[in-house]
Structures are given as C-alpha cells and as structure tokens.
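Trainee: fold the following.
(one chain, ligands or ions: 2)
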Amino acid sequence: MKHLKNYAIVVAAGKGRRVGREINKQYIKINNKPIVAYTLEVLQKSISIDGIILVVGKGEIDYCREKIVNKYDLAKVISIIEGGKERVNSVANGIAKLPKDCSIVIIQDGARPFLSEEMIEMTITGAEEVGGAIVAVPVKDTIKVVNSNMEVEKTVDRSKLWSIQTPQAFKASLIKEIYQTLSEADKEITDDAMLFERAGYTVKIIMGSYRNIKITTPEDLFVAEEMIKKEKGESNV
Ligand SMILES: Nc1ccn([C@@H]2O[C@H](COP(=O)(O)OP(=O)(O)OP(=O)(O)O)[C@@H](O)[C@H]2O)c(=O)n1
Ligand SMILES: C[C@](O)(CO)[C@H](O)COP(=O)(O)O
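Mentor: Residues are numbered from 1 along each chain as shown. Ligands and ions are numbered 1, 2, ... in the order given. You can find the predicted model right below:
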C-alpha cells in the first residue's frame, strides 16, 4: 500500500499593513531571526510533517529561498510559491500544489510563530478522526455588540465563544474538493475551517494557547519579543 503523508501549507503572502513596518511583517526579525523562520522551524522539527509548501508575496520567492529556507536549513520545504489577493486565495494556491500522496494537510499562518509540535500532533489526530481540527482558546473578555453610533446593543453569552488560531488540519481529499468551489464572494473567508463548516463537515476544537498569538499589530510584536527573550532567559519579565 502507498504510504500517505502529511503536508503543511504556510501562508506568508500578506502585506502586514496593521503592523505598519516597511518590510512585510513575516520578515521582521525577533532576536535576529525572521518571524516566519520561527514558524517554519516548528513544522520542520515535527515528526508528523513530511513536507512544507511556503506561500509568499509577489517577487519574494528568491529572497525566501535564500534568506529563510536555505539559511535556516528548512529541508522539508518542497515548494515556495506566490500567494493571492486575500489569505483564502493564498491557501488555494498552496492546496493546488499539494502532492498526490497527501493524507492530512495542516494550514498555518506564517505570522503565528508560537505554534507547538503538540498542536500539530493533536490537530492531525483530530482531522483523522472527524475530518477537520483547529486550535482555539476560550474568549476571555466580555463581548458586546455595538452599533454604528458606538452604543451597546447587547452583551453576548461568551460561554460558547472561542478565539480561533492556527494550525488547522483537514483531510486533504475534503479540503481539495471544498477549495474547488471557491468564488469571488468568498473573499471574506478568514479561516479555512469556515469553508469546511459551510460544506457540512465536522470541525473539532483543540485547546490552543494564549501564547499562540498572530503578529497583527505593533503590540503583538512587543509581546512576541518579550516571550522569545523570556524563553532564552534574557528578560526580567
Ligand atoms: N493575501 C494574503 C493575506 C494574508 N496571508 C497570510 O495569512 C496570515 C494571516 O493574515 P493577516 O494577519 O491578516 O496578515 P496580513 O494580511 O499580512 O495583515 P494586514 O491585514 O495587517 O495587512 C499571515 O501569515 C499572512 O501572511 C497570505 O498568505 N496572503
Ligand atoms: C486564520 C486566523 O489565524 C484565525 O484567527 C486568522 O483569521 C487569519 O488572519 P486575519 O487577521 O483574520 O485576516
């Protein structure tokens, strides 16, 4: 029987506008290493990942091959390809490049460098069991619905609300089929599980970590720097 494999798609083709730096946020260095290299290193180390497809911005392929993949010995990276207009289009480009022997695919934000090997293992197991599994944490704040006049309409019951992260893992056969139905109207899709849910498939929640932040605004960069310093024993925090 043919041995089936698990592949990761790392999407790093965004512009990082909200961080507001001149370079794309995934290449900002923390402790002298680009953010996306931290993300890729965890996948490289995972015994459950056989190969990685790295999706990057227009004109960034050569830079990524030289300054990220070769420099940090990321030998599992099998393709570096160009992304699309929205995140969902970058994921679609990655899915189109999946090798035929792919059993489970893990989709990971390049800008979320604190994933762990345990999250990878648990989402793969969850996807094998029910089709899809995503990492998430319970919402901590009180959540209110606010109208356009900045007045509170109501307070939502947060007991069922979870904040969604990556990694997100799916049976490759199902996610390939779903992404074939993608249309222009799907540009509002903010994670891969949304399409999976819409198609009626089950998505299991795996407990994530409040450390597993996405670098979205300048404050996240500060927090990420402090967490990395602390891991290396260089901080008083
Ligand atoms: N067209 C896009 C948009 C986003 N991403 C990736 O999807 C992840 C999550 O996206 P987000 O944090 O929204 O990144 P940006 O789009 O870069 O941020 P911003 O909206 O601030 O410009 C990031 O790793 C980003 O690089 C992508 O591959 N292709
Ligand atoms: C997929 C994701 O990380 C889940 O939180 C996120 O939705 C992607 O980024 P965005 O900031 O919502 O565009």
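Trainee: C-alpha from now on. contacts and neighbour counts both.
Mentor: Fine.
Trainee: now do the strand of greatest length in the chain: which elements does it pack against?
Mentor: Ranked by residue count under DSSP state E, the longest strand found in the chain is strand 162-171. Other helices and strands packing on strand 162-171, by 3 or more CA pairs under 8 Å, 6 or more residues apart in numbering; DSSP states H and E, are strand 102-109, helix 117-130, strand 131-138.
Trainee: is the first one positioned near ligand 1?
Mentor: Just to be clear, that refers to strand 102-109. Yes. Between strand 102-109 and ligand 1, judged by CA under 6 Å from any ligand atom, the touching residues are residue 109.
Trainee: give me the contact list for that strand.
Mentor: Contact with strand 102-109 is made by 4-12, 91, 120, 124, 127-128, 166-173, 192, 214, as judged by CA atoms under 8 Å, 6 or more residues apart in numbering.
Trainee: got a markdown table for the helices and strands packed on strand 162-171, with mean neighbour count, distance to residue 51 and mean pLDDT too?
Mentor: Shown next, in a markdown table, are those (neighbours: other CA atoms under 10 Å; distance: least, CA to CA, whole Å; pLDDT from 0 to 100):
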| stretch | mean neighbour count | distance to residue 51 | mean pLDDT |
| --- | --- | --- | --- |
| strand 102-109 | 24 | 9 | 98 |
| helix 117-130 | 19 | 13 | 98 |
| strand 131-138 | 23 | 19 | 98 |
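Trainee: please pick the buried ones from the contacts of strand 102-109.
Mentor: Among these, those buried by neighbour count (16 or more other CA atoms under 10 Å) are 5-12, 91, 120, 124, 127-128, 166-172, 192, 214.
Trainee: these also near ligand 2: which ones?
Mentor: For ligand 2, the contacts drawn from the buried ones among the contacts of strand 102-109 by CA under 6 Å from any ligand atom are residue 166.
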